[in-house]
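Novice: Turn this into a structure:
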Amino acid sequence: MGKAMTNAKKIEKFAEADLSGLREELLKSGLDSWQAADLISSFLSGRGYGVSNHAARKAASRIESIGCSLKCLQEELEKLALVM
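Specialist: Numbering: from 1, shown residues only. A predicted model of the protein is given here:
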């Protein structure tokens, strides 16, 4: 739910509304990288994925430093999401 498979690469896409909400929370809430990593982990866990805490912290730092677009955020989440 909230995800659709693309035919070309078989990559699960997160709903744009979900990504937008996560992106806004990450960019505007003033979270430090540890808190942002927890938020990313919770986002993925809530959708049935596992995630490495270390990888989530690195992704949070990248997202914060470049002000990720929704496409960028989708790509970062694809790298992190571990199928459970």
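Novice: Give me the helices and strands touching the host helix or strand of Glu64, please.
Specialist: Using DSSP states H and E, Glu64 falls within helix 53-66. Here helix 53-66 touches helix 16-28, helix 33-45, helix 70-80, going by 3 or more CB pairs under 8 Å, 6 or more residues apart in numbering; DSSP states H and E. (Each C-beta comes from the backbone N, C-alpha and C, glycine too.)
Novice: Identify the residues contacting the last one?
Specialist: Meaning helix 70-80. 11-14, 16, 19-20, 22-23, 40, 43-44, 49, 51-52, 55-56, 59, 62-63, 66, 68 (CB atoms under 8 Å, 6 or more residues apart in numbering).
Novice: distance between that helix and the chain's centre?
Specialist: The chain centre lies 6 Å from the centre of helix 70-80; the measure is CA atoms, centre = their mean, to the nearest Å.
Novice: what comes up buried for that helix?
Specialist: 73-74, 76-77, 80 (16 or more other CB atoms under 10 Å).
Novice: how far away is Ser45 from Lys71?
Specialist: 23 Å (CB to CB, to the nearest Å).
Novice: swap in Phe43?
Specialist: Distance from Phe43 to Lys71, by CB to CB: 17 Å.
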